[in-house]
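Student: Take a look and give me a structure for this.
(4 chains)
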Number of protein chains: 2
Amino acid sequence: MSEAPLPAIRSLPSWLLGRAAARGRTLVAEALAEEDMRMWHHVVLSAVRDLGPVAQADLGRGIGLDPKDLVGILDDLQSADLVVREPDPKDRRKNAVSLTARGARLLKRCEKAARAANDELLAPLSAAEREQFTDMLRRISGTAG
Amino acid sequence: MSEAPLPAIRSLPSWLLGRAAARGRTLVAEALAEEDMRMWHHVVLSAVRDLGPVAQADLGRGIGLDPKDLVGILDDLQSADLVVREPDPKDRRKNAVSLTARGARLLKRCEKAARAANDELLAPLSAAEREQFTDMLRRISGTAG
DNA sequence: ATGAATTCGTCGGTAAGTCCAACGATCACC
DNA sequence: GGTGATCGTTGGACTTACCGACGAATTCAT
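Tutor: This is a model prediction of the structure:
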């Protein structure tokens, strides 16, 4: 209860950003856990749907995930019959990763859960503020748009 | 350069928040590295100054750091003559942690570096927007104020 | 005052996440 | 056709966060 001020640290945007991100990560992780999914699994699933049949390297670059770690995620998803790796006939080095029907179905549930978690995260903000906030975040995050 | 759209994931605030926080952490870490400091070392140093002579448990609670991890950080800081642990005469379980003159001096340089990194992080935002942004962050981050 | 419960600093280990180096296989280029 | 680059994959190093347990010391209840 007796929260000391700590003005210096708490006024640093990078500090607040880290705390807010941690809270968001926890909320989303908890929501996804009810579908037996982890954050990266959801992200990969979503990216696979958006990018259609896609090579793993492109996939990893698109979401900023190390190729090695992507292998493990895809192994999990493929074992659960959520995605398929097929050899790309045009380039036999590549795997064409696509969503299965099961994957598409689960993805929708994950998105619903993630949206609910985000609503809870942004609860202290009005609708207009949320739009502003995400817009600013988009500019700051360095994700080239 | 060939940035695919990925609309679903990139519109999630929790995702953008994570990316922005990662960028902020990297920028701050790089800036602090020039003073041979890590993020938590800077945070602890700042909190020690703000909280005066403080017990380790209170210190850890104030910044949300595990007591065990705090031990290591304080060991480093004390070895570098930046803080001192003195036995609290009123409660011999506690260590009264205080800043040394060296610590105060280094902290100022760290704060300057951290502020510069934050300016770079928030460069895409106008001054008014930065104020708005940090205010929203403060509400979202869940740090009781 | 004496015993029980709590808090303190410290040590231990686990689990997850991030990053880099290297390899065989395949492709692109000139 | 030989060289360099890219692909998926494997291995390991490093960091971070988190939880439980312990002796020492304090507080509280009786």
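
Student: can you pull out the strands in chain A?
Tutor: Along chain A, the stretches classed as strands by DSSP state E are A:83-87, A:95-99.

Student: Please tabulate the ones you listed in CSV, including the columns mean pLDDT, distance to residue A:38 and mean neighbour count.
Tutor: All C-beta spots, glycine's among them, are computed from the backbone N, C-alpha and C. Formatted as CSV, the entries for those read as follows, by pLDDT from 0 to 100; distance: least, Cβ to Cβ, whole Å; neighbours: other Cβ atoms under 10 Å in any protein chain shown:
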stretch, mean pLDDT, distance to residue A:38, mean neighbour count
strand A:83-87, 96, 15, 15
strand A:95-99, 97, 17, 20
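
Student: Of all those, which one comes closest to chain B?
Tutor: Each of these has some distance to chain B by Cβ to the nearest Cβ; the shortest is strand A:95-99, at 12.2 Å.

Student: What distance do you get for the residue sitting nearest the centre point of chain A to DNA strand C?
Tutor: With distances taken as Cα atoms, centre = their mean, the residue of chain A nearest its centroid is residue A:43 (3.7 Å). With the distance defined as Cβ to the nearest atom of the strand, to the nearest Å, residue A:43 ends up 10 Å from DNA strand C.

Student: hmm, back to that, compare the strands of chain A and report which one is nearest to DNA strand D.
Tutor: For those, distance to DNA strand D was read as Cβ to the nearest atom of the strand. The smallest value, 4.3 Å, belongs to strand A:95-99.

Student: what about the closest one and DNA strand D, touching?
Tutor: Yes. Applying Cβ under 7 Å from any atom of the strand, one finds strand A:95-99 touching DNA strand D at residue A:95.

Student: Show the backbone phi and psi for the residue in chain A that DNA strand C sits nearest to.
Tutor: For chain A, the residue closest to DNA strand C is residue A:92, as judged by Cβ to the nearest atom of the strand, at 3.4 Å. For residue A:92, the backbone dihedrals are phi -70, psi 0 (criterion: degrees, to the nearest 10).

Student: neighbours around it, how many?
Tutor: Other residues lying near residue A:92 total 8 when counted by other Cβ atoms under 10 Å in any protein chain shown.

Student: what do you get for residue A:90?
Tutor: Applying other Cβ under 10 Å, we find 7 other residues in the vicinity of residue A:90.

Student: From chain B, how far out is it?
Tutor: With the distance defined as Cβ to the nearest Cβ, to the nearest Å, residue A:90 ends up 17 Å from chain B.

Student: Tell me the bridge partners for the residue nearest to residue A:78 when sequence neighbours are not counted.
Tutor: Excluding the flanking residues, the one nearest residue A:78 by Cβ to Cβ, 6 or more residues apart in numbering or on different chains is residue A:85, at 6.1 Å. On the basis of DSSP bridges, residue A:85 is bridged to residue A:97.
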